[in-house]
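Asker: quick one: sequence plus predicted model below, questions after.
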Amino acid sequence: MQQVKLISADECLKFALSGEIDAATSEDFYAQVCAAYEHDKKNVLFNCAALTFIDSTTLGTFVKILKKLRADGFDMALEKVRPNVKKLFDICALNTIMEIRP
């Protein structure tokens, strides 16, 4: 089960991600993030401390979100990414196009 929760909207939209986001839930993830972003356009930060699993579909969803933000002049970052999740970003070299913070 995945959970996407907007936890702050001060200087950026900060989402806490938890559980698993995969092919079955990635469209819902995308829709929730985009709905909040369309309401209040600014940079996006994903706190991934409780995110336990993603798949290749989810990687594509992160890229789709990044492209949407950059088209409007904004950016996104991920923080507190677990090693097993970060490994997928590294393997696909997505860590070179998006910021992944400790």
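Answerer: Arrived safely. Note that this is a predicted model, so its numbers are computed, not measured.
Asker: what is the burial count for K42?
Answerer: Per other C-beta atoms under 10 Å, the neighbour tally for K42 reads 16. In this view, the C-beta of every residue, glycine as well, is placed from N, C-alpha and C.
Asker: so it is in contact with D10, correct?
Answerer: No. Judged on C-beta atoms under 8 Å, K42 makes no contact with D10 at a distance of 9.2 Å.
Asker: so which elements touch the top helix by length along the chain?
Answerer: When the chain is parsed with DSSP state H, its longest helix is helix 56-71. With contacts taken as 3 or more C-beta pairs under 8 Å, 6 or more residues apart in numbering; DSSP states H and E, helix 56-71 sits against helix 26-39, strand 76-79, helix 83-91.
Asker: most tightly packed of those?
Answerer: Of the helices and strands packed on helix 56-71, the one with the most neighbours on average (mean count of other C-beta atoms under 10 Å) is strand 76-79, at a mean of 18.
Asker: on that earlier part again, G19: which of the helices and strands packed on helix 56-71 is closest?
Answerer: helix 26-39 (10.5 Å; C-beta to C-beta).
Asker: what are the buried residues along the longest helix of the chain?
Answerer: Residues T58, L59, T61, F62, I65, L66, K68, L69 are the ones in helix 56-71 that count as buried (16 or more other C-beta atoms under 10 Å).
Asker: likewise for stretch 7-19?
Answerer: Residues C12, L13, K14, F15, A16, L17, S18 are the ones in stretch 7-19 that count as buried (16+ other C-beta under 10 Å).
Asker: mind listing which of these are in strands?
Answerer: If you go by DSSP state E, the buried residues of stretch 7-19 have L13, K14, F15, A16, L17, S18 in strands.
Asker: how far away is the nearest residue to the first one once chain neighbours are set aside from A24?
Answerer: Setting aside the residues directly before and after it, L13 is nearest to V44 in space (C-beta to C-beta, 6 or more residues apart in numbering), at 4.8 Å. Between V44 and A24 the distance, using C-beta to C-beta, to the nearest Å, works out to 23 Å.
Asker: over to D90?
Answerer: Taken as C-beta to C-beta, the span from D90 to A24 is 24 Å.
Asker: contacts for stretch 69-81?
Answerer: Residues from elsewhere that reach stretch 69-81, judged by C-beta atoms under 8 Å, 6 or more residues apart in numbering: 37, 41-49, 51, 62, 65-66, 89, 98-102.
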